[in-house]
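In: Need coordinates for the following:
(chains A, B and C)
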Amino acid sequence: MNTTQSKSVQETKHFVSLESLSLEEIMGMIEESLRYKQGDLPPLFNGKTVANLFFENSTRTKNSFQMAERHLSIQEIPFDVTTSSVTKGETLYDTCKTLEAIGVNALVIRHPEAGYYHELVEKLNIPVLNGGDGSGEHPSQSLLDLVTIFEEFKTFQGLNVAICGDLVHSRVARSNASVLKRLGANVVGCSPESWWDDSMGLERKELDDVLATCDVIMLLRVQHERHIMGDIFSKEEYHERYGLTVERVAKMKDGAIIMHPAPVNRDVEIAGCLIEHDKSRIFPQMTNGVYARMAILNRALGGQS
Amino acid sequence: MNTTQSKSVQETKHFVSLESLSLEEIMGMIEESLRYKQGDLPPLFNGKTVANLFFENSTRTKNSFQMAERHLSIQEIPFDVTTSSVTKGETLYDTCKTLEAIGVNALVIRHPEAGYYHELVEKLNIPVLNGGDGSGEHPSQSLLDLVTIFEEFKTFQGLNVAICGDLVHSRVARSNASVLKRLGANVVGCSPESWWDDSMGLERKELDDVLATCDVIMLLRVQHERHIMGDIFSKEEYHERYGLTVERVAKMKDGAIIMHPAPVNRDVEIAGCLIEHDKSRIFPQMTNGVYARMAILNRALGGQS
Amino acid sequence: MNTTQSKSVQETKHFVSLESLSLEEIMGMIEESLRYKQGDLPPLFNGKTVANLFFENSTRTKNSFQMAERHLSIQEIPFDVTTSSVTKGETLYDTCKTLEAIGVNALVIRHPEAGYYHELVEKLNIPVLNGGDGSGEHPSQSLLDLVTIFEEFKTFQGLNVAICGDLVHSRVARSNASVLKRLGANVVGCSPESWWDDSMGLERKELDDVLATCDVIMLLRVQHERHIMGDIFSKEEYHERYGLTVERVAKMKDGAIIMHPAPVNRDVEIAGCLIEHDKSRIFPQMTNGVYARMAILNRALGGQS
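Out: Below you'll find the model as predicted:
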């Protein structure tokens, strides 16, 4: 491992992609997440403050970071995009620099522009924690996915993972495919032709051909708000050909699990009745998201993990 | 009293209507509210979290719950309807289940759909506290109304109460009429023909005929946002015929009080100059609302009251 | 000094303009701000609550008050204008009286109407802290400007200050011109004819004529949202004739500073590359804003400063 690179990341404390973290750091954060889950007392951050800047809608990610902040006794400075000076044309950089100037210790940012964080990481003196950058990455979601898989299987080595659905518009797919391969998993993609992305370097498979051997079926959200599915499939056609139906789940092997970053389009990516199925980890993923974000905040604001 | 029913309510800890609570429970909550008001220290809830989901506008109810939460050291997880995944089409159930998954301990919900809570109460493992369901009920408002009346008269037995105005669109009228009758009060309704609701089982009276004998004049808000009053009356006509004017207040008996759930339409339901009149309990109702909501939160999250 | 007037201000604890404060009080608050900055422990306000009502957009002022509240352990009752009953037509007075009734201890208010606070100050029993009233005043901004100048020069006596730009629409210009003159500074204005305001009683100068002798160049924001600059100048013309360019900064004397209330229109009032220049106090002003607002909150809710 390149110690120099790892050290400089440690110094900046930004968290913008998993790509820039060493496997050692990633595993450390996964294990820290699970220690939080087991109830080991978290370090307290009395007096530390965070602002959560969500320039795109969110329930899970924002509320999950807010819950993590409260668990760590970090104070939130509420930031409301719609009533901020951003509406007066202030740049993202000036807004963030303002929050730094008033003493905010870290920024959680979701922004529609992929790579929005490059200028910030270079010029700010406080850490930027990426809550999703357009169709770029969503590294805190990736980390919670890793926590959920590791909690289940205690390893990534040799696991068979299928990432299914709208690969081209998903910011989770790219992060997850890359980091899971680095961690030793076998990753394939199952996707309609028009949503396939060759640049991810995955082998393309039919879902029905991999169902029986997969350990993890990782479904992606059909991004209604990013493009119109109706031009390509009806919801029913998509569900029939690419969705997880009751019949398909019956073919999954014992111990295999279903994941989805949510929000779920019921009866599109997955039958509504399967969301709380025994094999489904959809709600447990959200629970783990709080612990993963505690690890992210601890890395940014605390001491060594 | 049906002990079995009372016990199962105790177990679920939901608070969705006063109808489902025994009189013993209601009186217990009224007395608890007044103990909070007298400054008896509330139990502390370190580590408990609540999310307030308001799918309809509110100042009083939302801020009052938030104040009650702070008095009880309950942490709020801020939930902003307009920037949540509800705008991506996520169902109310999935949103609530998400908040449960990230560890929120109770949900305060206002929603435009009457009875929105039925599916939630059945499937969630955390309490739902109803902050108003369309033109259904508004049980925390009813409880604070009861607290205000009980604080004044120390009893409900034999009190003469007139509920005045837009009965058919009011979610407070129905709850209050029902629970006040259960508690032994004599309740009549004063309302224009077009806003009368026979199903509430009240006797219909002219306001001028009951002014001299009423202990409580309970005014209802004209719901401009739910229907257009202009089709039926002008504001001035309504005030003249059904509103509380200076002349009408002069005919009220000593010790009688005026109530209104607010926000008030000044010079429609009541003359603006009467809102802070000696007989008016409009702002004291709001003060009592905080204590009533502390009792509601304590019932949901604390031990036995 | 008029002791009687000063005493009644002390009793009301409102903070609506610097005009109504004695110089002794203003200097006391400046020194208190700098003691907070030096890390003297602030008094704690356990159990005190504040609501921040921003009827106009803001990042700096709102977040800065929120940070000051957290430093003082004051609890915030979140108030969201867009989802409040103000949208049901409730008056500002009734909204504030409601917050008083539920136990809020002070109100921070920004409102588009100049002098909105007159009725409130007369009738409320809790302090109103003016976060900006239309094109009226912005006294907390003025106080932080004073803190920044005093921190730099340790006096106001004899300082040469130029207030530059859109004087007529600026709520900061009027407050600052008046209080700086009361404190002994020499204040001139540099402004296009159409934005000049004779009633401020300043001598009008060309920026280029005062650059070499000024201690403080105080730039004002061009208020795009209050009037269309395009009718008068292009951005480039304005920058050329009235803006702070790299060439102009080179002519400023040693030790002189640049101030701006922000948000900055980059390359209009000031060249973008100068915002973080050695002479610029633009971000340090924001840092001082937190300490100034702690002094304001302490005056409203605490004991004698």
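In: for chain A, what's the longest helix?
Out: Using DSSP state H to define each element, chain A has its longest helix at helix A:282-301.
In: Determine the set of other helices and strands touching that helix.
Out: The helices and strands touching helix A:282-301, judged by 3 or more CB pairs under 8 Å, 6 or more residues apart in numbering or on different chains; DSSP states H and E, are helix A:23-37, helix A:60-71, strand A:106-111, strand A:128-133, helix A:139-153, strand A:257-259, helix B:92-101. The C-beta positions use only the backbone N, C-alpha and C, and glycine is treated the same way.
In: Near chain C, which residues of the stretch 51-200 of chain A are found?
Out: For the stretch 51-200 of chain A, the residues in contact with chain C (CB under 8 Å from any CB of the partner chain) are A:51, A:75, A:77-80, A:82-91, A:94-95, A:97-104.
In: filter these down to the ones near chain B?
Out: Within these, those near chain B by CB under 8 Å from any CB are A:78, A:80, A:82.
In: contacting residues around A:Gln38?
Out: By CB atoms under 8 Å, 6 or more residues apart in numbering or on different chains, no residues touch A:Gln38.
In: Let me fix that, I meant to ask about A:Asn105.
Out: Here A:Asn105 is in contact with A:48-50, A:74, A:126, A:301 (CB under 8 Å, 6+ apart).
In: how about these, which pair is most distant?
Out: By the measure CB to CB, A:Ile74 and A:Ile126 form the most distant pair in the contacts of A:Asn105, at 13.0 Å.
In: So the two - more neighbours on which side?
Out: Set A:Ile74 next to A:Ile126 and count neighbours by other CB atoms under 10 Å in any protein chain shown: A:Ile74 wins out with 25 against 20.
In: roughly how far apart are that one and A:Gly47?
Out: As for A:Ile74, its distance to A:Gly47 is 9 Å (criterion: CB to CB, to the nearest Å).
In: swap in A:Ala295?
Out: 20 Å.
In: A:Arg281 too?
Out: In terms of CB to CB, A:Arg281 sits 36 Å off from A:Gly47.
In: Compare those two (neighbour count), which wins?
Out: Taking other CB under 10 Å, A:Arg281 and A:Gly47 do not tie; A:Arg281 has more neighbours (21 against 12).
In: gap between the more buried one and chain B?
Out: Distance from A:Arg281 to chain B, counting by CB to the nearest CB, to the nearest Å: 11 Å.
In: Now do the contacts for that residue.
Out: A:148, A:152, A:257-259 are the contacts of A:Arg281 under CB under 8 Å, 6+ apart.
In: Just give me the residue closest to the centre of chain A.
Out: With distances taken as CA atoms, centre = their mean, A:Gln141 lies nearest the centre of chain A, 1.4 Å away.
In: OK, contacts around that one?
Out: Here A:Gln141 is in contact with A:61, A:132, A:171-172, A:175, A:261, A:289 (CB under 8 Å, 6+ apart).
In: please redo it, this time with the cut-off set to 10 Å
Out: The contact partners of A:Gln141, by CB atoms under 10 Å, 6 or more residues apart in numbering or on different chains, come to A:60-61, A:64, A:131-132, A:171-172, A:175-176, A:261-262, A:285, A:289, A:292.
In: The residue in the stretch 201-305 of chain A that chain C sits nearest to: neighbouring residues, count only.
Out: In the stretch 201-305 of chain A, no residue comes nearer to chain C than A:Leu301, which is 15.3 Å away by CB to the nearest CB. A:Leu301 sits with 21 neighbouring residues when counted by other CB under 10 Å.
In: Just the pLDDT for it.
Out: What the model reports as pLDDT for A:Leu301 is 89.
In: shouldn't it be in contact with A:Leu72?
Out: Yes - between A:Leu301 and A:Leu72 there is a contact under CB atoms under 10 Å: 7.9 Å.
In: For the closest residue to chain C within the stretch 101-250 of chain A, which non-adjacent residue is closest in space?
Out: In the stretch 101-250 of chain A, the residue that lies nearest chain C is A:Ala101 (3.8 Å; CB to the nearest CB). Residue nearest to A:Ala101 in three dimensions, not counting chain neighbours: C:Met286, with 3.8 Å by CB to CB, 6 or more residues apart in numbering or on different chains.
In: Quickly list the domain ranges of chain A.
Out: Split into domains by automatic domain parsing, chain A comes to A:3-138+A:287-301, A:139-282.
In: could you pull out the helices for the stretch 101-250 of chain A?
Out: Taking DSSP state H, counting those that start in this stretch, the helices of the stretch 101-250 of chain A run over residues A:118-123, A:139-153, A:171-182, A:207-210, A:235-242, A:246-250.
In: Go through the fourth one and flag the buried ones.
Out: By neighbour count on 16 or more other CB atoms under 10 Å in any protein chain shown, the buried set for helix A:207-210 is A:207, A:210.
In: Check which helices and strands that helix sits against.
Out: strand A:160-164, strand A:186-190, strand A:216-219, helix A:235-242, helix A:246-250 (3 or more CB pairs under 10 Å, 6 or more residues apart in numbering or on different chains; DSSP states H and E).
In: Out of these, which is closest to chain B?
Out: Chain B lies closest, by CB to the nearest CB, to one member of the helices and strands packed on helix A:207-210: helix A:235-242, at 11.5 Å.
In: That closest one - contacts with which helices or strands?
Out: helix A:207-210.
In: how far out from the middle of the chain is the helix it packs on?
Out: Relative to its parent chain, helix A:207-210 has a centroid offset of 25 Å by CA atoms, centre = their mean, to the nearest Å.
In: And for stretch A:192-205?
Out: 20 Å.
In: how long is it from one end to the other?
Out: With CA to CA, to the nearest Å as the measure, stretch A:192-205 spans 10 Å from end to end.
In: Ok, stretch A:203-216 next?
Out: OK, stretch A:203-216 end separation, CA to CA: 16 Å.
In: could you give me the average pLDDT of it?
Out: Taken as a whole, stretch A:203-216 has an average pLDDT of 96.
In: next one: stretch A:171-179
Out: What stretch A:171-179 shows for mean pLDDT is 89.
In: right, is it up against chain B?
Out: No - judged by CB under 10 Å from any CB of the partner chain, stretch A:171-179 stays clear of chain B, getting no closer than 14.5 Å.
In: how close does the residue of the stretch 101-250 of chain A closest to chain C get to C:Asn288?
Out: From A:Ala101 across to C:Asn288, the span is 9 Å (CB to CB).
In: So for these two, which residues contact both of them?
Out: C:Ser64.
In: and the residue of the stretch 201-305 of chain A closest to chain C, what is it in contact with?
Out: Counting by CB under 10 Å, 6+ apart, A:Leu301 makes contact with A:13, A:43, A:45, A:48-50, A:69, A:72, A:74, A:105-106, A:126-127, A:129.
In: swap the cut-off to 8 Å and go again
Out: Applying CB under 8 Å, 6+ apart, the residues near A:Leu301 are A:13, A:45, A:48, A:50, A:72, A:74, A:105-106, A:127.
In: Which of the ones next to chain B among the residues of the stretch 51-200 of chain A next to chain C ranks first by neighbour count?
Out: Neighbour max across these (other CB under 10 Å) = A:Asp80, 22 neighbours.
In: That one and B:Phe79: what is the separation?
Out: From A:Asp80 across to B:Phe79, the span is 13 Å (CB to CB).
In: circling back to that earlier point, and the contacts of A:Asn105, which of them are in strands?
Out: Using DSSP state E, A:49-50 are the members of these that sit in strands.
In: Make JSON lines out of the contacts of A:Asn105 and add distance to C:Lys235.
Out: Below are the contacts of A:Asn105 laid out as JSON lines (distance: CB to CB, whole Å):
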{"residue": "A:Lys48", "distance to C:Lys235": "40"}
{"residue": "A:Thr49", "distance to C:Lys235": "35"}
{"residue": "A:Val50", "distance to C:Lys235": "35"}
{"residue": "A:Ile74", "distance to C:Lys235": "40"}
{"residue": "A:Ile126", "distance to C:Lys235": "31"}
{"residue": "A:Leu301", "distance to C:Lys235": "40"}
